[in-house]
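Participant: Model the following, please.
(chains A and B)
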There are 2 protein chains.
Amino acid sequence: MKGTEIATLGEFGLIDRLTGDIQLTQPTSLKGVGDDAAVLDHAGKQILVTTDLLLEGIHFDLVYVPLKHLGYKAAVVNFSDVYAMNGNPQQITVSLGISKRFTVEDLEDFYSGLKLACEIYGVDIVGGDTTSSLTGFTISITCIGSADKDKVVYRNGAKDTDLLYVSGDLGASYMGLQLLEREKSVFEGSSEVQPDFTGKEYLLERQLKPEARKDIVAQLAENGIVPTAMIDISDGLSSDLLHICKQSNVGCQLFEERLPIDYQTAMMAETFNMNVTTVALNGGEDYELLFTVPLTLHEKMSTVSGIHLIGHITKPEQGCYLVTRDGQEMQLRAQGWNHLE
Amino acid sequence: MKGTEIATLGEFGLIDRLTGDIQLTQPTSLKGVGDDAAVLDHAGKQILVTTDLLLEGIHFDLVYVPLKHLGYKAAVVNFSDVYAMNGNPQQITVSLGISKRFTVEDLEDFYSGLKLACEIYGVDIVGGDTTSSLTGFTISITCIGSADKDKVVYRNGAKDTDLLYVSGDLGASYMGLQLLEREKSVFEGSSEVQPDFTGKEYLLERQLKPEARKDIVAQLAENGIVPTAMIDISDGLSSDLLHICKQSNVGCQLFEERLPIDYQTAMMAETFNMNVTTVALNGGEDYELLFTVPLTLHEKMSTVSGIHLIGHITKPEQGCYLVTRDGQEMQLRAQGWNHLE
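Facilitator: Model (predicted):
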């Protein structure tokens, strides 16, 4: 191979290399590459645009992912990016590359999941592109949302002493994936074996049918709270928190004892002999909101349900650390999904 | 295979089946599936959104398409969809699925083409998604444009007696593709042979580095002309004209002798023993604008350069016909690209 291998840069290094020199020239372009969504200004209203490309074999395995669930999830992960900007998703476009083994009914299943997600979140499907694929199923969804002016929340606004919150709980989606992978290998070994998912329904639901936190964005608005920085957790708490810290030029302290972890997640981690904190930090695909608010809002935050205070922002020279249960400080590293390594 | 084969429906039949029941629920959604772009209303300004999915082996062959040209073309075909709505493209998002054999320099070549197109057309790259692909190179681009209220032109506004215009000339891109395919097979037979493209540069340029007709949209605006219907020619004149006729519920007469065909296209068709009218009707990838204006604007249209009057709109019961040089009427059929058959 002549030239530089992509793996030497990693996903974010590659994006920097390719897009680092891009200048925005249109007066309507407020924010380009580098956040959960782009921000456009049209007649004073801010338009949010985000896009995701999902490829069979990389992002999903049709052996254990039903097409209806895949459609639901493909839509929801895009909505999540718009909520992470403190906006509301309104439209999506859906482009599909369809392999020959698919039937019309397969695509109807996929679309039924898409449509269900759109119905629940109040989003319209407004366009797309459909083509055949020589290889696997390819899904590209772009979501357009809107936000009131000055309400858009970026990744770069966190300040020293801000409080750090996360919604829901962490690591369940990753444990659901491990469970599905295990059952797949058991199944491939012997067709007699039936997968046993009893008592693990929550893990499967988090992996196969995640939800975006529209409710949190709504509660923040009702209480007049605008976070200083926000991101949704797709790559993993650790990786996504480091995005906020890097872009805001701050450090952070995260407390292990405060990480919200569901009982099923903890049980499953034990079964798999995994450290549950590592799962919570690096699992990814939680689609929870991670955000910072000024310390002065501490009391007001108690009126918002479904969130957890997990740490606080520090000065940049203090670095980014996890404070363990026994009081040790461990440097946070991005060990989330990296589809390019 | 259980279920319905997709080929039995074709691309447009499949899209109807999957999206036919979609209702728009958001007040900002003005137009959904079924035109060159979706139309959204934000604070009185109309936002256009269009998206294209390009897959290696289906839409492009990296044996003879340089990555820089591919980047340029991938951007331009999206701009063309926005111009076809009488709007101006302003932003794009770019999602890439990258196969392992690609180097960083390959992607820089691709991006250099993208950036060149964006610079020339005044468009910003504002986001995207980058992932690895187990198979070929995958490109998904979404373009956002804007238009003044009441200036957006749909496919469904053509009226009986309207005049039918097309910009530029037709069939050259298709002949360029044939030429590249021939040279590829010659090349694969013997590495001694050098492709000879002398005197065929225009055909190659039309295939490898097409332009979108920003200039036509600008001229129409300068002259205060708003077409009644417009589409860009991607599938082929015949197929795209039938979209206008179907959606406008009208018929048409197209005159063979008026079809604009470049000298190189005609020469090449003769070399390949192809009927040049068939090439002009069905070749596709011309990215010219096809549009209708009221008969009363006939004189005013003479101030617009680079366009050709090729026919007129009729009542729906008169059907859609090509009038040949010898005065015969042949029914128009959609024989353009159909990536799902």
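
Participant: contacts, neighbours, all on C-alpha from now
Facilitator: Noted.

Participant: Kindly report the residues of the stretch 51-200 of chain A close to chain B.
Facilitator: Residues of the stretch 51-200 of chain A found near chain B (Cα under 8 Å from any Cα of the partner chain) are A:51-53, A:55, A:57-58, A:90-91, A:93, A:95-97, A:101-105, A:107-108, A:111, A:122-135, A:140, A:142.

Participant: If you go by neighbour count, which of the residues you listed are buried?
Facilitator: Buried subset of those (neighbour count, 16 or more other Cα atoms under 10 Å in any protein chain shown): A:51-53, A:55, A:90-91, A:93, A:95-97, A:102-104, A:107-108, A:111, A:122-135, A:140, A:142.

Participant: Cross the residues of the stretch 51-200 of chain A next to chain B against helices and list the overlap.
Facilitator: Judged by DSSP state H, these include A:104-105, A:107-108, A:111 as members of helices.

Participant: closest to chain B among those residues?
Facilitator: residue A:104 (5.4 Å; Cα to the nearest Cα).

Participant: any chance you could read off phi and psi for the residue nearest to the spatial centre of chain A?
Facilitator: With distances taken as Cα atoms, centre = their mean, residue A:234 lies nearest the centre of chain A, 2.6 Å away. Note on residue A:234: its backbone torsions stand at phi -110, psi -40 [degrees, to the nearest 10].

Participant: and what of residue A:185?
Facilitator: Main-chain torsions, residue A:185, degrees, to the nearest 10: phi -70, psi -30.

Participant: what about it, how many neighbours?
Facilitator: 10 (other Cα atoms under 10 Å in any protein chain shown).

Participant: per-residue pLDDT, it?
Facilitator: Predicted confidence (pLDDT) for residue A:185: 80.

Participant: Likewise for residue A:113?
Facilitator: The per-residue pLDDT of residue A:113 was computed as 96.

Participant: what's near enough to touch it?
Facilitator: A:67-73 (Cα atoms under 8 Å, 6 or more residues apart in numbering or on different chains).

Participant: now the helix or strand containing it, how far from the centre of its chain.
Facilitator: According to DSSP states H and E, residue A:113 maps onto helix A:104-121. Put simply, helix A:104-121 sits 20 Å off its chain's centre (Cα atoms, centre = their mean, to the nearest Å).

Participant: same deal with stretch A:73-85?
Facilitator: For stretch A:73-85, the gap between its own C-alpha mean and the chain's C-alpha mean amounts to 8 Å (Cα atoms, centre = their mean).

Participant: And the residue of the stretch 101-250 of chain A that's closest to chain B?
Facilitator: Counting by Cα to the nearest Cα, the stretch 101-250 of chain A gets nearest chain B through residue A:126, at 3.8 Å.

Participant: Could you check the pLDDT of that residue?
Facilitator: In this model, residue A:126 is scored at 89, pLDDT.

Participant: for the one 4 residues further on, same thing?
Facilitator: The per-residue pLDDT reported for residue A:130 equals 87.

Participant: List the contacts of it.
Facilitator: Taking Cα under 8 Å, 6+ apart, one finds A:95-98, B:11, B:15, B:53 in contact with residue A:130.

Participant: Greatest separation within the residues you listed: which pair is it?
Facilitator: The span of the contacts of residue A:130, defined through Cα to Cα, is set by B:15 and B:53 at 14.8 Å.

Participant: is it fair to say residue A:312 lies in a strand?
Facilitator: Yes - residue state for residue A:312 (DSSP: H, G, I helix; E, B strand; the rest coil) corresponds to a strand.

Participant: So what's the residue count around the residue nearest to it when sequence neighbours are not counted?
Facilitator: In space, and not counting its chain neighbours, residue A:312 is closest to residue A:163: 4.4 Å by Cα to Cα, 6 or more residues apart in numbering or on different chains. By the measure other Cα under 10 Å, the count of residues near residue A:163 is 26.

Participant: so what's residue A:163 up against?
Facilitator: A:292-295, A:298, A:309, A:311-313.

Participant: And the furthest pair within those?
Facilitator: Using Cα to Cα, the contacts of residue A:163 span at most 13.6 Å, a distance reached by A:298 and A:313.

Participant: neighbour-wise, which of these two wins?
Facilitator: residue A:313 (27 against 13).

Participant: Does the more buried one touch residue A:248 like I think?
Facilitator: No - counting by Cα atoms under 8 Å, residue A:313 does not reach residue A:248; the two are 10.0 Å apart.
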